[in-house]
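Asker: 3D, please:
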Amino acid sequence: MSTGRSSIGLGSRRFRVLSLTVAGGMAVAVIALLSGFHYDLRPVAPSQVGGTASEVDTTAVVGIRTFESPGDIVVDEDVVYATLADGTQLTLDVCSPPTTESVPAPGAEATEGSSVPTAPADTAPGADVAARTDAGTTAAPGVAASAPATPEPEVALRPAVLSVHGGSWARGDKANSDWRAVCEWFASEGFVAYSVNYRLVPAVHFPAAIDDIALAVSWMRSPANATKYSIDPARIGAFGGSAGGNLAALLGARGTGSLTEGSRVAAVAELSGPVDLSYDGIVVAGGSAGLEQITLDYLDCTSLLDCSATEKASAYSELDRTDPPVFIGTSTDEFIPLSQSSGYAEDLNSLGIRNELVTVPGSLHSIGILDASMREKVSAFLHAELGDVELSTK
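Answerer: Numbering: from 1, shown residues only. Below you'll find the predicted structure:
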């Protein structure tokens, strides 16, 4: 398990979550009474007017906004990955590289129109010889050899990344311009990217969001869906920024054992993600009053001093030695203090979990720091942990 705060000192996880506070009077749909039937189906949606805006609180062309899509990415929008008992439909977008066709197996081109060699002409009938077929098998003399079986075609299987947007756990959307760019960027790097929506505060509270993205991973990994999008279900990673970074880190830390089953992931990359939502991690460590209120709203608590959800919602407290490698990115003077990320890296080191901590100067937050240099580092980390495209027989 995690070493917790005691391994690095009381103030080692100071952080702030987001630069935007939750606006009062959010308009939300009232959840219908639970039932076993899916009447009144409705998609999960941003919980307030303007809720599709990115958590990058600037109009400047920074971070992911410096990425230019090649224009050939295949985007499958609003795919339903779960329908809940109250009729809520959870959706995601899938961004795929342009080349995912099947390729011929080695030697397949030699099977059509090829002849089967026969015994030499001067061989006497009944002689103790055999003729070799193209497939390398033998046929008895005088018995016609059957044509070799056509090799199965091979399909290119790609690693997959679940992309989790930020927004104080209360707003944001998988398809806003910044997160659509993240989705297409991952596809341009050879991954199949799944940009996911999840239920938002105040309609729901912890653990709804993390449960939703866990459902998304299980959906991705199912044989039918893995085949449909040509991914290797054993090579799924998670990426998130800000509140999405919290969820990606927690997804990686929840559970134990194999990283290729259920909702487990094989690698995590997070930017500006808080990993300690406790009173010590927020108030004692110097977090803002706004951060404290955002956290209380998410956890549905009135005080962090006696909020039982803080531990389960904090990635550091869920760590164990079977957890996946983690990439941590942050800026030095942003809303989430550097000590939050450095403390998490120390926790991972103490458990022998591979990790990489990258800091950049300035105050940009989340995917606001995902510029060309950071993109190169994140992509290299995920490829190192998840691999590249591989060929597999259907």
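Asker: any idea of the mean pLDDT in stretch 311-325?
Answerer: For stretch 311-325, the mean per-residue pLDDT is 96.
Asker: in that stretch, what counts as buried?
Answerer: Using 16 or more other Cβ atoms under 10 Å as the test for burial, stretch 311-325 gives 313-319, 323-325. Every residue, glycine included, has its C-beta placed from N, CA and C.
Asker: Give me the subset of these lying in helices.
Answerer: Those of the buried residues of stretch 311-325 mapping onto helices are 315-318, per DSSP state H.
Asker: For burial, what's the neighbour tally of residue 276?
Answerer: Residue 276 is flanked by 29 other residues according to other Cβ atoms under 10 Å.
Asker: Verify the assumption that it is located in a strand.
Answerer: No - with DSSP: H, G, I helix; E, B strand; the rest coil as the criterion, residue 276 is assigned coil and is not in a strand.
Asker: End to end on stretch 359-367, go ahead and measure it.
Answerer: Its start and end residues considered, stretch 359-367 measures 13 Å (Cα to Cα, to the nearest Å).
Asker: next one: stretch 314-328
Answerer: 15 Å.
Asker: likewise stretch 245-263?
Answerer: 17 Å.
Asker: Between the ones in helices among the buried residues of stretch 311-325, which sits nearest residue 244?
Answerer: residue 315 (12.5 Å; Cβ to Cβ).
Asker: Name the nearest residue to the closest one, sequence neighbours excluded.
Answerer: residue 249 (3.8 Å; Cβ to Cβ, 6 or more residues apart in numbering).
Asker: same check, this time on residue 349
Answerer: Looking at residue 349 with Cβ to Cβ, 6+ apart, the closest residue is residue 355, at 6.9 Å.
Asker: I'd like to know how far the one you found sits from residue 167.
Answerer: Distance, residue 355 to residue 167, using Cβ to Cβ, to the nearest Å: 25 Å.
Asker: got it, and residue 250?
Answerer: From residue 250 to residue 167 the distance is 16 Å (Cβ to Cβ).
Asker: Over to residue 361?
Answerer: 25 Å.
Asker: who's more crowded, the two?
Answerer: With neighbours defined as other Cβ under 10 Å, residue 361 and residue 167 compare such that residue 167 has more, 28 against 8.
Asker: Per-residue pLDDT of that one, please?
Answerer: Confidence score, pLDDT, at residue 167: 94.
Asker: now swap in residue 57 and tell me
Answerer: 87.
Asker: now residue 333
Answerer: 89.
Asker: now it, what's its secondary structure?
Answerer: Applying three-state DSSP: residue 333 is coil.
Asker: Hmm, it is touching residue 362, no?
Answerer: Yes - if you go by Cβ atoms under 8 Å, residue 333 and residue 362 touch, sitting 6.4 Å apart.
Asker: Before we go further, residue 157 is sitting in a strand, right?
Answerer: Yes - according to three-state DSSP, residue 157 belongs to a strand.
Asker: what sits against it?
Answerer: Going by Cβ atoms under 8 Å, 6 or more residues apart in numbering, residue 157 touches 230-232, 389-392.
Asker: do that again at 6 Å, thanks
Answerer: By Cβ atoms under 6 Å, 6 or more residues apart in numbering, the contact set of residue 157 is 230, 232, 390, 392.
Asker: What of residue 382?
Answerer: 237, 267.
Asker: Work out for me the element it sits within.
Answerer: helix 372-386 (DSSP states H and E).
Asker: Pull out the buried positions in that helix.
Answerer: 374-375, 377-379, 381-383, 385-386.
Asker: and if you look at stretch 46-66?
Answerer: Buried, per 16+ other Cβ under 10 Å, within stretch 46-66: 46-48, 51-56, 62-65.
Asker: just these now: which is nearest residue 87?
Answerer: Of those, the one sitting nearest to residue 87 (Cβ to Cβ) turns out to be residue 47, at 16.8 Å.
Asker: The stretch 51-200 of the chain: helices as residue ranges?
Answerer: Here the stretch 51-200 of the chain has its helices, by DSSP state H, counting those that start in this stretch, at 177-188.
Asker: Where does the prediction get shaky in the stretch 201-350 of the chain?
Answerer: Filtered on pLDDT under 70, the stretch 201-350 of the chain yields no residues whatsoever.
Asker: For residue 167, which non-adjacent residue is closest in space?
Answerer: Closest to residue 167 by Cβ to Cβ, 6+ apart is residue 55, at 5.0 Å.
Asker: Tell me how many other residues crowd the closest residue to residue 54 other than its chain neighbours.
Answerer: Leaving aside its chain neighbours, residue 54 sits nearest to residue 178 (3.8 Å; criterion: Cβ to Cβ, 6+ apart). By other Cβ under 10 Å, the residues close to residue 178 number 23.
Asker: residues in contact with residue 178?
Answerer: Residue 178 neighbours (Cβ under 6 Å, 6+ apart): 54, 56, 64, 367.
Asker: Tabulate these (a markdown table), appending distance to residue 203.
Answerer: Shown next, in a markdown table, are the contacts of residue 178 (distance: Cβ to Cβ, whole Å):
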| residue | distance to residue 203 |
| --- | --- |
| 54 | 21 |
| 56 | 24 |
| 64 | 27 |
| 367 | 24 |
